[in-house]
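*Asks:* sequence unavailable; structure follows:
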């Protein structure tokens, strides 16, 4: 049985199965005390339920209920609240953590500390005794210092012996506030943490879109590490009570499920960015990395933000990540509220720029707001990677290829783990004829965001349709309702002449995008008139949706008319794309790579369009 130790004001005596405080003692059942001793042996670390069950009940089959009852008994003794724990914290789907530090005692129940004698006692001590006391005190101090040095060396050795962390994934912080409406808050802080950690030098940070898929997952750490190809996994919880926020995180070596580091932080709501910055800095030190120079002075992250501005910003971030047109418009309102509350809130301007760019039904006004907001964000904080990326997109609208590349490379310099920036830069480089560079950027994006499809488009552009199909089918198994993947497969199968497969995925795309009538009409036309008949029906359906202002996809229409041999109508829609621009479904930069447009390549109008766009001819 372990020796006596203290937890704050409580004295724990395992040999007597006793916990006492202020002269009052409580006797625990032996197995309950063993659970406490196991947690104390790894204080501050997450101890898996399986390990506790195996240690406390090695020869007996006991369900989780027995462990849960033991934890409940301990919480009663320590007057601990499971919803806002200060003593024993539940790590969802994993185990428990003893939060309080463990202090060993000297055998009499007193913690091993050095206490100076009172002045009265010192006055009665003879010189010889005083020398003896000083000698004893010196020995005690030396022992204490030695113990501290050994502890520091032990921690350092443990860190140095830990497997190297070269890639990191941040799992969604679990909302322990007891209010599902606070999910936006925990998601927003997760996003901010990913963004800041992505700026750690020599560290690959997995993109948000892949990490967020493990929200409330039941998969083990080794499984997640394998799927994301990540060495390190950060998981944690967030509790919000009024204006106070408490975040507890731990760093785990994913492949071995080995705990490396854990800590809790607490702040007022208006200091939540400072809290997140503290987390980032400390994690950086723990994984023996350092923050890049641009991250050392982040004006937005460093200064307090009003509670109302922060609330609105996090709500906006939550809705803009949901990607639907309606929710993106809702995000715009929240970002505007944040700016009204705090006109110097740079991240809110970046969010507003993102919410106004690339809408299916975007207008010239949306494009103007996006440009103005991105420029304002960078005026306030030139280290915002996403704002540079939006600015690069806007420059492409006017075919400023060199300006676009410069801004995208700046975005990647500030956030080397920005998967979207790598992918889009790669596709644009491919459009300029820099094929190998383009493929390399897309491969980096795929590594950073393995649960999303960043390679299929570039493979399609390169004519590697079979490889593109293989990758898209893998992604479709993960997310059968992904409309982008269905559209990618339509393009791949169409390019290979596998029209039945192409039509099936085209129908699936429109049905899952909320247009079941389009899918049904395509199905009927294909049965009656084959692929050509289906394309005629498709052109008619898209023309109708354009007239009703429900979509804007001129390049798609141009491709359909090229397949049908109607070059005039195809060039009409290509000219619409060229004139419209401004970030709304244009995709004209893929002019040379879009397989369906092949019949137009010998037409002088095609060469003229390439010249006006600044693309190599």
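*Replies:* Here it is on my side, so go on. Source: prediction; values computed, not measured. Numbering: from 1, shown residues only.

*Asks:* quick one: low-confidence ranges for the stretch 151-300 of the chain?
*Replies:* Low-confidence segments of the stretch 151-300 of the chain, defined by pLDDT under 70: 151-163, 201, 287-300.

*Asks:* now residue 435: how far from residue 596?
*Replies:* Note on residue 435: its distance to residue 596, by Cβ to Cβ, to the nearest Å, is 20 Å. Glycine gets a C-beta too; all of them are placed from N, C-alpha and C.

*Asks:* so those two - more neighbours on which side?
*Replies:* Between residue 435 and residue 596, counted using other Cβ atoms under 10 Å, the more crowded position is residue 596 (19 against 15).

*Asks:* distance of the nearest residue to residue 574 once chain neighbours are set aside from residue 58?
*Replies:* Distances taken as Cβ to Cβ, 6 or more residues apart in numbering place residue 558 nearest to residue 574, at 4.7 Å, with adjacent residues excluded. Distance of residue 558 to residue 58, given as Cβ to Cβ: 70 Å.

*Asks:* so for the two, which sits in the more crowded spot?
*Replies:* Set residue 558 next to residue 58 and count neighbours by other Cβ under 10 Å: residue 558 wins out with 27 against 7.

*Asks:* tell me the contacts of that one?
*Replies:* Residue 558 makes contact with 570, 571, 573, 574, 577, 597 under the criterion Cβ atoms under 8 Å, 6 or more residues apart in numbering.

*Asks:* what's the burial count for the residue nearest to the first one when sequence neighbours are not counted?
*Replies:* Leaving out its chain neighbours, the residue that sits closest to residue 570 by Cβ to Cβ, 6+ apart is residue 561, at 3.9 Å. Summarising burial for residue 561: neighbours were counted as other Cβ under 10 Å, giving 24.

*Asks:* could you export the contacts of residue 558 as CSV, including pLDDT?
*Replies:* Output for the contacts of residue 558, formatted as CSV (pLDDT from 0 to 100):
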residue, pLDDT
570, 95
571, 96
573, 93
574, 93
577, 86
597, 93
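
*Asks:* now the strands: where do they sit in the stretch 451-600 of the chain?
*Replies:* In the stretch 451-600 of the chain, no segments count as strands under DSSP state E, counting those that start in this stretch.

*Asks:* again with the stretch 51-200 of the chain
*Replies:* 88-91, 95-98, 102-104, 167-170, 174-175.

*Asks:* what's the shortest one packed up against?
*Replies:* Using 3 or more Cβ pairs under 8 Å, 6 or more residues apart in numbering; DSSP states H and E, the elements in contact with strand 174-175 are helix 183-197, strand 232-241.

*Asks:* just the second one next, same as before
*Replies:* Strand 95-98 sits against helix 30-41, strand 46-48, helix 49-56, strand 88-91, with contacts defined as 3+ Cβ pairs under 8 Å, 6+ apart.

*Asks:* so which residue is dead centre in this structure?
*Replies:* In the chain, the C-alpha nearest the mean C-alpha coordinate belongs to residue 208, at 3.0 Å (Cα atoms, centre = their mean).

*Asks:* which residues are in contact with it?
*Replies:* With contact set as Cβ under 8 Å, 6+ apart, residue 208 has these partners: 190, 191, 194, 321.

*Asks:* re the thing from before, how about the contacts made by the residue nearest to residue 570?
*Replies:* 539, 567, 569, 570, 573.

*Asks:* ok, and the most crowded of these?
*Replies:* Neighbour tally across the contacts of residue 561 (other Cβ under 10 Å): the maximum, 26 neighbours, falls on residue 570.

*Asks:* that one contacts residue 594, correct?
*Replies:* No: taking Cβ atoms under 8 Å as the definition, residue 570 is not a contact partner of residue 594, at 10.9 Å.
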